[in-house]
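What would the 3D arrangement of this be:
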Amino acid sequence: MRLLINTHFHLAIDSLRQNRGRTFLSALGIAIGVASIVLILSLTGGINQLISASSDKDNANLILVRPSSGKDVADSIIDELTNTSQYSKSNLTLEDVEAIKEVNGVKSVAPIAISTAAITIADKAYQSTTVVATNDDLKDILSLRLKSGQFLDYSLRENVAVLGYKMAEQVFGTTEATTRTFNYNGQQFMVVGVLDEMNDPINFNGVDFDNSILINIKYASTFESSIQIQQIDIRTETTDQVSNVMSEINDKLSKAKKGDKNYKIISGTDNLHPAGSLLSIISNMLTIVASISLIVGGVGIMNIMLVSVSERTREIGIRKAVGASSGHVLLQFLFESIILSVIGGLMGFVLGYIFAFLISLVTPFAPHISWQILGITGLVSFSVGVIFGVYPAAKAAHKDPITSLKFYR
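Predicted structure coming up:
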């Protein structure tokens, strides 16, 4: 049996070598489909790893309070991802923050109010700048590291700001930006600190701190009458207190809002960035779309194999005349189809990761490399070879040997 398999394998390889151009083009159809799937899986895997890392990192005693629109899951995901409707209708207030600070077991509380506006430096405007209004507790909750200067301290001065690493480079041309000033919403701010580079654009706060400006929320509330708090980060003293703290926070907010339950309280592994759920849906949809190109590639293999069967009719007749069974002929052509598809799959695997690494050069998402993706590639390639190779192989196996021997090209 082993000798028979080796014979089929070598016959298939010899046949494919005789038509190198046709073999390459047929394998290319499979390679494109497989490369698309590998690209999608590797990039989405990298993004999911980034999300999980930001959510799992020292978050066992972290609690989040977010606005809740009461919409279904799909609409809520889109709203949270785009920071639109439910955030604009947030009923979280600074009074809620003060009430949460009084809960037993709470160590730190930091509100987050995100806005996109223009800042002005020496009469030069920088549009669409992300400004995050928060307080000094955020530094401890998120373990933010400073490259220079200090964090927000409302007791020392009100109109101070902390810049993200890349934001400082963008607007001042250097990360040594302390004591520099800028204007935002008619107010002048002085930079008192610059954050160390984080390279963490996706996190449960929905803030790319490297490209943001942080100001004090109490001062921001003095010149922004309708400030919207999109999230309240809470760190408990111990992980054992999380459940009790959540329950007490819920009681306080429910009383303050007279039973209006348009907020939600989450903790632990539930702190995943809302983009994670939508990302999985998009990834599955893109994989299905990419699979269509695999079908096209499979049809191409079937077409080439049918041409090969037609061209080698006399060869089939000779093999059967010297004792080969229909099963032997079927396996010979099925081996060719499988090998052709697997070659295309390997090409696609390499191409997919090449494109993934090229894309990672201009994005913060490193491609995810795993044996599972290689296994999926091999299984898909093998399956395509079998599915689209069975019909041509069966057609070859059922050819009449006498009629086949009379065939001339």
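
quick one, what contacts the nearest residue to residue 186 once chain neighbours are set aside?
Leaving out its chain neighbours, the residue that sits closest to residue 186 by Cβ to Cβ, 6 or more residues apart in numbering is residue 223, at 6.8 Å. All C-beta spots, glycine's among them, are computed from the backbone N, C-alpha and C. Applying Cβ atoms under 8 Å, 6 or more residues apart in numbering, we find residue 223 in contact with 185-187.

So which of these is the closest to residue 198?
In terms of Cβ to Cβ, no member of these lies closer to residue 198 than residue 185, at 25.5 Å.

Residue ranges in the stretch 151-300 of the chain under the pLDDT threshold?
201-202, 268-280 (pLDDT under 70).

swap the cut-off to 90 and go again
153-159, 173, 175, 185-186, 198-208, 221-228, 230, 237-243, 252-300 (pLDDT under 90).

For it, which segments count as helices?
Listed in chain order, the helices of the stretch 151-300 of the chain (DSSP state H, counting those that start in this stretch) span 165-172, 217-223, 242-256, 275-311.

Name the residues of stretch 241-256 that are buried.
By 16 or more other Cβ atoms under 10 Å, the buried positions in stretch 241-256 come out as 241-242, 245-246, 248-249, 253.

same deal with stretch 102-113?
Those buried within stretch 102-113 under the rule 16+ other Cβ under 10 Å are 103, 105-113.

now that stretch, how far from the chain's geometric center?
30 Å (Cα atoms, centre = their mean, to the nearest Å).

same question, stretch 348-368
12 Å.

which outside residues touch it?
30-39, 41-50, 199, 201, 369, 373-374, 377, 381.

Would you mind splitting this protein into its domains for me?
Split into domains by automatic domain parsing, the chain comes to 2-52+278-405, 90-261.

With distance to residue 267 as added columns, please give the ones you listed in JSON lines.
Below are these laid out as JSON lines (distance: least, Cβ to Cβ, whole Å):
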{"stretch": "domain 2-52+278-405", "distance to residue 267": "16"}
{"stretch": "domain 90-261", "distance to residue 267": "5"}
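
Ok, which of those comes nearest residue 66?
That would be domain 90-261 among the domains of the chain, by Cβ to Cβ, at 5.3 Å.

Going toward the C-terminus from the helix or strand containing residue 107, what's the next helix or strand?
Element membership for residue 107 (DSSP states H and E) is strand 106-121. Scanning forward in sequence from strand 106-121 by DSSP H and E, the next helix or strand is strand 124-134.

tilt between that following strand and helix 165-172?
On the basis of axes from the mean of the first three to the mean of the last three Cα atoms, to 10 degrees, strand 124-134 is oriented at 150 degrees to helix 165-172.

how about the helix or strand following strand 124-134: buried residues?
Sequence order places helix 137-142 as the next helix or strand after strand 124-134, per DSSP H and E. For helix 137-142, the neighbour count (16+ other Cβ under 10 Å) marks 137-139, 141-142 as buried.

Average pLDDT for the helix or strand that helix 137-142 is followed by, rounded please.
Later in the chain than helix 137-142, the nearest helix or strand by DSSP H and E is strand 146-149. For strand 146-149, mean pLDDT is 92.

I'd like the distance between residue 336 and residue 382.
When distance is defined by Cβ to Cβ, to the nearest Å, residue 336 is 13 Å away from residue 382.

what about these two, which has more around it?
Shown here are residue 336 and residue 382; by other Cβ atoms under 10 Å, residue 336 has more neighbours (29 against 14).

ok, residue 320 - contacts?
Contacts of residue 320 (Cβ under 8 Å, 6+ apart): 326, 329, 399, 401, 404.

Please narrow those to those residing in helices.
Under the assignment DSSP state H, these contribute 326, 329, 401, 404 to helices.

Take those residues and write them to a markdown table, including distance to residue 235.
Shown next, in a markdown table, are these (distance: Cβ to Cβ, whole Å):
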| residue | distance to residue 235 |
| --- | --- |
| 326 | 72 |
| 329 | 71 |
| 401 | 80 |
| 404 | 79 |
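
So which of these is surrounded by the most neighbours?
Within these, most neighbours by other Cβ under 10 Å means residue 329, with 24 neighbours.

Can you name the residues that contact residue 36?
With Cβ under 8 Å, 6+ apart, residue 36 has these contacts: 290, 293, 348, 352.

So the closest residue to the first one other than its chain neighbours: helix, strand or coil?
I take that to be residue 290. Distances taken as Cβ to Cβ, 6+ apart place residue 36 nearest to residue 290, at 3.6 Å, with adjacent residues excluded. Secondary structure state of residue 36, per DSSP: H, G, I helix; E, B strand; the rest coil, is helix.

Tell me how far residue 36 lies from residue 184.
Residue 36 is 44 Å from residue 184, by Cβ to Cβ.

partner residues bridging residue 236?
residue 106 (DSSP bridges).

Counting neighbours, what do you get for it?
Burial of residue 236 is recorded as 23 neighbouring residues (other Cβ under 10 Å).

cool, residue 145 as well?
Around residue 145 there are 10 residues (other Cβ under 10 Å).

give me every residue that touches it.
So residue 145 contacts 195-196 (Cβ under 8 Å, 6+ apart).

Distance to residue 93 for the helices of the stretch 151-300 of the chain - can I get that in TSV?
Below are the helices of the stretch 151-300 of the chain laid out as TSV (distance: least, Cβ to Cβ, whole Å):
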stretch	distance to residue 93
helix 165-172	28
helix 217-223	9
helix 242-256	8
helix 275-311	26
